[in-house]
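S.K.: Give me a model of this one.
(chains A, B, C and D)
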4 protein chains.
Amino acid sequence: MAIRGVLRIGEVAVRVLDLEAATRHYGQYIGLHETLREKDRVYYKAWDEHDHHSVVIREADKAGLDYVAYKVHDEPTLRELEEKIGAYGFTVTRLAAGAYPRSGRRIQFELPSGHTMQLYAEKERIGNGLPTRNPGVLPDEGVIRGMRVTRLDHVLLAGPKITETAKFFIDVLNFDLGEELIDNDSGMQLSVFLCCSNKPHDIAFALNEAPGKFHHMSFYVDSVADVYHAGDIMGKHNISVDVGPTRHGITRGATIYFYDPSGNRNEVFSGGYIHYPDHPHLTWDTTQLGHAAFAIDNQPRPSFFNVVT
Amino acid sequence: MAIRGVLRIGEVAVRVLDLEAATRHYGQYIGLHETLREKDRVYYKAWDEHDHHSVVIREADKAGLDYVAYKVHDEPTLRELEEKIGAYGFTVTRLAAGAYPRSGRRIQFELPSGHTMQLYAEKERIGNGLPTRNPGVLPDEGVIRGMRVTRLDHVLLAGPKITETAKFFIDVLNFDLGEELIDNDSGMQLSVFLCCSNKPHDIAFALNEAPGKFHHMSFYVDSVADVYHAGDIMGKHNISVDVGPTRHGITRGATIYFYDPSGNRNEVFSGGYIHYPDHPHLTWDTTQLGHAAFAIDNQPRPSFFNVVT
Amino acid sequence: MAIRGVLRIGEVAVRVLDLEAATRHYGQYIGLHETLREKDRVYYKAWDEHDHHSVVIREADKAGLDYVAYKVHDEPTLRELEEKIGAYGFTVTRLAAGAYPRSGRRIQFELPSGHTMQLYAEKERIGNGLPTRNPGVLPDEGVIRGMRVTRLDHVLLAGPKITETAKFFIDVLNFDLGEELIDNDSGMQLSVFLCCSNKPHDIAFALNEAPGKFHHMSFYVDSVADVYHAGDIMGKHNISVDVGPTRHGITRGATIYFYDPSGNRNEVFSGGYIHYPDHPHLTWDTTQLGHAAFAIDNQPRPSFFNVVT
Amino acid sequence: MAIRGVLRIGEVAVRVLDLEAATRHYGQYIGLHETLREKDRVYYKAWDEHDHHSVVIREADKAGLDYVAYKVHDEPTLRELEEKIGAYGFTVTRLAAGAYPRSGRRIQFELPSGHTMQLYAEKERIGNGLPTRNPGVLPDEGVIRGMRVTRLDHVLLAGPKITETAKFFIDVLNFDLGEELIDNDSGMQLSVFLCCSNKPHDIAFALNEAPGKFHHMSFYVDSVADVYHAGDIMGKHNISVDVGPTRHGITRGATIYFYDPSGNRNEVFSGGYIHYPDHPHLTWDTTQLGHAAFAIDNQPRPSFFNVVT
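M.R.: So this is what the prediction gives:
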């Protein structure tokens, strides 16, 4: 059966301290395409996405996550999930079509980890710049620009109760647990990686005392050559790099972590294995914490758990 | 929702004229791992697959396809599909667990295109050589070998009634139509590319007068550098190359088509976009036949439609 | 000792039938930077070259080569070579500084193969767009564009007496013979690959009845990923592709041959081994003609020897 | 003129504390091929080198450099350089043919930086495993192994008087200064990168109080994909990584620094621009120390100047 149910991350909305610096970062440096600007918000899409936008930045006094929204297959799916989530005991808020620009109705709820999550089935489709009849493979010169990211890939959120949060994703939203990092003594989950697709993760959670914290949003690039190219952009513009280039043990993806000017962490990511539900889920423990996080130098970075917005 | 229903191609069984030449080809040159040998059959898996085997070669007087088998999520899915397929009017044959080695029960039916297709939910899982606790990212030296293929990716089958066949995949097996190539005058479908995952195709059909024909099986490699490496292996061992390296317009994947010693076509494939059901399906027509097939030189090859086994 | 004597190909001047179509090809599609335009000529450089130009196109009634010019280390080298070439029996013509734009004096002579060759020591240096103090590694967005070529790499010229021509390069200009393709029966050289650097060739000659013919000019790209990207540009703009992507046996380089709108052959090229004079020169013979030319499918193309301008 | 004079680094000899651990590192992990073993020494070559060996490890009580040896074009070059070096005021010692295995006579002298350097013109040529007639492009399975390094590329040595040392290389050995890192206040050179080829460096020196120190030996790999693959090997075998993957500002090369079990630093390196003597030499200063060293995160590492053997 084709991909149904929850399809993918559709939108991440973060707060930034300075909209102008942020637009230079997300627009010019990362190379996202601005599709809408409101007084205090800018909306972006990566070039190979079809929907109107996937990243929203809002000027505010404090960086961090406003909400993350996942797109579901269709309105019946949305109704079905609305009912399941309510029955699970979460308070579900309805947001009317149009409450968010170019978007159908949404439902919103709070995760045990303290994050605001939304689901929606409809958003204006504006295409990826290639026609649907005889599309070809390459957009016009200049469409692929900046860090050459192709799409928003996933987010990692930090907060308490991540095992409970993972259970909700697995039992109610029908995600799979792809990988987990556990404390070797207690067995407690320190991070969980959850899949609603063939990707090695579609959302992940890291244990953190404070609720509702944002660890990073991740953009996909096509190759390790493009990971390096993204890194060259970072170096040229003095973008603050957290870690990388390196490879994650978890997911096997090539990565660079870096920060937007407000301190929100971003990632460029490439590769990783293909996920199937009949593959074993993988468990890493704290005896291999470094290898789990960064599989080349096997050095855990304090920032991995500590720096969140 | 995670991947459910039909998961992926699980097994392709082809006939070869000379088992020894074929084992050199599939084992040594492509680099598949032999997991079982019977009198007239050899079973292989690619290194990063978890199930016992995905490719079966059988010595026979004539090359071509014995059957293709797709793995479904679980036994309830298999039962549900068995019922739906029967209700759709196809004759469904039950094959008991053990009828195929290391495999649970299967159901078998014939597609309108003349191909034998099977579905199954269980096969012995032997893993990819990495542990499930602290797996790391790299198997031991020598495990990734030959053409460095990571997994069986898809098949393209040739036969009549491909529109009817596609309809079955869409209506009964819940695949999506990802792309199609149509005759520009008549609108008739000449090839169809169908997805049950985030991949740009999981099975494809090309129009052909004779039923039950085999166009190619495709193996995934991690990068265009690995496509080139696979090509170097072909050149070194005088493997017959059909087309490539080049890029497909359809799927955007990098490719080389080549033949096994019996004339069955193989492919190494890398890249391609991510498929989602809310993306528009793409239509190519015969005015752009060359670009649809081979998007660098835009030259259609007669072999693309003519050479099948 | 550092590179001295003849340094590299400094300039190739070709005739095109339609200047406007040619500027679209060399400027927009290949992505060269126009640095000077005269009535019937346009001058280009690749982004990572430091001198004012390396490619000159001139509108004329017939495609083909005007001349090829190699840059030597300095004026004493030029004087020394002028004397040696004259003593070797070639007629050497002096071209005053300024006879060619932004260029010091040149000497010109005709090769036994019928090609006009020039040597010069001085050309205006305009840099690669990066400063020489704290240069960084990446030019501004848009500087690397089109096929992302970094520099003019070499030419292959076609004509008679290539063994005699090679002897001149080796004995007088102090090039090394890197590789050769010979007729297996007669031992006659069919093509010769000559090095004045660590590259696997700096100039090459193919045997051809007609003198003074142009086989191709080659541009370097950084990776096989960029070879593919160049191929995508070709496919998008319907640029006529001769062969590739593939790998050469000779030089081991990854390649695509394609044509400018006037029929002059171009190449994008990446990789290849490092040449040293104490490495054995490599000999290919006509029993392995296909593998020598195109080492993946081992198919010689008639165009390789036949199509020249 | 072809490459003449000093050709390349031909041999680096380092001391290791434990020969068995070192052979696992250089042989199995890096993938060098052992070509000779003496009581306390092992000799290695990278697969694509033609001479008998390029790396020598010797068991001793203290890690560090025994000597570095560069190969020159021929015996007349060696005689000429012997005379020039003596005339320059250095004490030159003659080492008879056979004093070093498989090697012609050598001359030896001490650099102002405190390092022992040798020059030689002859070493037994054993080839790269490919024939010289119809060689093909790919050696047999298993020849390219471990980190897939193709050749020894350069060394970086640490010591005092590096400006004086560079002057010797430039004035006597005819190297070019490719790049330099200077103190922004005093203008004093902190590191110098010297070329005798088209590579962005063939030897480099970093300022260090103690003489004769070893910073690293570098091995070339073909692509950033191979840099990552080498990194995966490091992570799998818990090889101590110093920095990377990242890109150098100086040379533009992609890099990982890591340590052998005795603490001698190694590097895998790929890419970098092509050097020509008429290109401007590049100067980096301490205001851009981070970008000069590691051009993605722009973070200087204390280890870069401090950790030497």
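
S.K.: Spell out which parts of the stretch 101-250 of chain A neighbour chain C.
M.R.: A:136-138, A:141-142, A:145-146, A:223, A:225-226, A:232-233, A:235-236 (C-beta under 8 Å from any C-beta of the partner chain). C-beta: built from backbone N, CA, C; applies to glycine.

S.K.: could you pick out which of these are near chain B?
M.R.: Under the cut-off given by C-beta under 8 Å from any C-beta, chain B has A:136-137, A:223 from those close to it.

S.K.: Identify the residues contacting the closest residue to A:Glu82 other than its chain neighbours.
M.R.: What sits nearest to A:Glu82 in space, not counting adjacent residues and going by C-beta to C-beta, 6 or more residues apart in numbering or on different chains, is A:Ile107, at 5.0 Å. By C-beta atoms under 8 Å, 6 or more residues apart in numbering or on different chains, A:Ile107 lies in contact with A:78, A:81-82, A:85, A:92-95, A:118-120.

S.K.: want to try TSV for these, with pLDDT, neighbour count and secondary structure as columns?
M.R.: As requested, the contacts of A:Ile107 are arranged in TSV below (pLDDT from 0 to 100; neighbours: other C-beta atoms under 10 Å in any protein chain shown; DSSP: H, G, I helix; E, B strand; the rest coil):
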residue	pLDDT	neighbour count	secondary structure
A:Leu78	98	21	helix
A:Leu81	98	23	helix
A:Glu82	98	17	helix
A:Ile85	98	19	helix
A:Val92	98	17	coil
A:Thr93	98	12	strand
A:Arg94	98	10	strand
A:Leu95	98	16	strand
A:Gln118	98	21	strand
A:Leu119	98	22	strand
A:Tyr120	98	22	strand
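
S.K.: which one of these is nearest A:Thr35?
M.R.: Of all the contacts of A:Ile107, the one with the least separation from A:Thr35 (C-beta to C-beta) is A:Tyr120, at 16.6 Å.

S.K.: can you tell me how far the closest one sits from A:Gly10?
M.R.: 7 Å (C-beta to C-beta, to the nearest Å).

S.K.: that older thread, for the residue nearest to A:Glu82, which three-state class applies?
M.R.: Three-state assignment for A:Ile107 (DSSP: H, G, I helix; E, B strand; the rest coil): strand.

S.K.: Bridged to it, which residues?
M.R.: For A:Ile107, the beta-bridge partners under DSSP bridges are A:Arg94, A:Leu119.

S.K.: Next up, the contacts around the residue of the stretch 51-200 of chain A found nearest chain B.
M.R.: Ranked by C-beta to the nearest C-beta, the top residue of the stretch 51-200 of chain A for proximity to chain B is A:Asn174, at 3.8 Å. Neighbouring residues of A:Asn174 by C-beta under 8 Å, 6+ apart: A:5-6, A:196, B:1-2, B:4.

S.K.: List just the nearest of these to D:Lys213.
M.R.: Checking the contacts of A:Asn174 one by one against D:Lys213 (C-beta to C-beta), the nearest turns out to be A:Cys196, at 54.2 Å.

S.K.: so the closest one makes contact with A:Leu173?
M.R.: Yes. With contacts counted by C-beta atoms under 8 Å, A:Cys196 reaches A:Leu173, the gap being 7.1 Å.

S.K.: what are the phi and psi angles of the closest residue to chain D within the stretch 1-150 of chain A?
M.R.: Distance from chain D to each residue of the stretch 1-150 of chain A (C-beta to the nearest C-beta) is smallest for A:Met147, at 11.9 Å. Backbone geometry at A:Met147, expressed as degrees, to the nearest 10, gives phi -80, psi 0.
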